[in-house]
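*Asks:* coords below, sequence missing:
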């Protein structure tokens with residue numbers, strides 16, 4: 001049997017031509033906690049996958065290693081502070097909590113009983129692009145350009161681009177449901193849908 005592949009297009013890099021989501025894109029994502037991993041420099045971080053759940057980039061993915069514990073060095077302490085700020089913003093985005101809200105309910109929404117509480121939360125993200133890091137090919141010794149990758153920040157309810165997102169109710173500690181939207185006025189009518197909806 002003969003199979004002709006002459007009409008096939010040229011192979012794309014990365015087994016499918018990975019292209020980062022464009023800089024500045026705002027879209028809702030679901031966080032998947034893949035695990036907790038240690039770095040070679042003694043830091044502990046969350047291995048996270050973000051899956052876009054609405055808009056033109058639905059099902060596209062981004063990844064991060066978010067450092068949550070370090071070796072006590074100044075650099076590691078700064079890393080942990082940045083990670084804590086991101087996690088706080090992701091929880092505020094997921095549960096419709098304004099960053100300035102200091103009520104007991106808001107404080108409870110920003111509290112985790114375990115890292116696993118993050119798995120499955122949905123929040124609004126703004127994507128950035130980070131340049132790839134050059135690396136040396138182990139076989140050829142040739143220096144090759146690293147591929148760019150997405151970074152992201154959580155968009156909180158005080159940001160105009162949050163409009164249209166329906167936040168969940170915070171999980172009850174011990175495994176409550178987060179399926180129902182919060183009644184805090186953050187959700188809007190379908191006529192006010194943002195570009196990603």
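*Replies:* Looks like it came in fine. Keep in mind that this is a model prediction, so the values were computed, not measured.
*Asks:* which stretches of this structure have low pLDDT?
*Replies:* Where the chain drops to pLDDT under 70, the residues are 1-17, 172-197.
*Asks:* Spell out the residue ranges of the helices in it.
*Replies:* Counting by DSSP state H, one finds helices in the chain at the ranges 74-95, 104-109.
*Asks:* Packed most tightly, which of those would that be?
*Replies:* helix 74-95 (a mean of 18; mean count of other C-beta atoms under 10 Å). For the C-beta atoms, the positions are set from N, CA and C on the backbone; glycine is no exception.
*Asks:* How far off centre is that helix?
*Replies:* In terms of C-alpha atoms, centre = their mean, to the nearest Å, the centre of helix 74-95 is set 12 Å apart from its chain centre.
*Asks:* Take the helices of the chain and write them to TSV, including distance to residue 41.
*Replies:* Listed next are the helices of the chain as TSV, based on distance: least, C-beta to C-beta, whole Å:
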stretch	distance to residue 41
helix 74-95	8
helix 104-109	33
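*Asks:* just so I know, which of those helices lies nearest residue 47?
*Replies:* Closest to residue 47 of these, according to C-beta to C-beta: helix 74-95, at 12.7 Å.
*Asks:* if we can go back for a sec, which among the helices of the chain is found nearest to residue 117?
*Replies:* Of the helices of the chain, nearest to residue 117 by C-beta to C-beta is helix 74-95, at 9.0 Å.
*Asks:* list the contacts for the spatially closest residue to residue 145 that is not a sequence neighbour?
*Replies:* Among residues not flanking residue 145 along the chain, residue 134 sits closest, at 5.7 Å (C-beta to C-beta, 6 or more residues apart in numbering). Going by C-beta atoms under 8 Å, 6 or more residues apart in numbering, residue 134 touches 143, 144, 145, 146.
*Asks:* could you measure the first one against residue 130, distance?
*Replies:* With distances defined as C-beta to C-beta, to the nearest Å, the gap from residue 143 to residue 130 amounts to 19 Å.
*Asks:* So residue 81 versus residue 54, what's the distance?
*Replies:* In terms of C-beta to C-beta, residue 81 sits 31 Å off from residue 54.
*Asks:* now do residue 144
*Replies:* To residue 54, residue 144 is 35 Å away according to C-beta to C-beta.
*Asks:* again, but for residue 126
*Replies:* In terms of C-beta to C-beta, residue 126 sits 14 Å off from residue 54.
*Asks:* Same check on residue 60?
*Replies:* In terms of C-beta to C-beta, residue 60 sits 11 Å off from residue 54.
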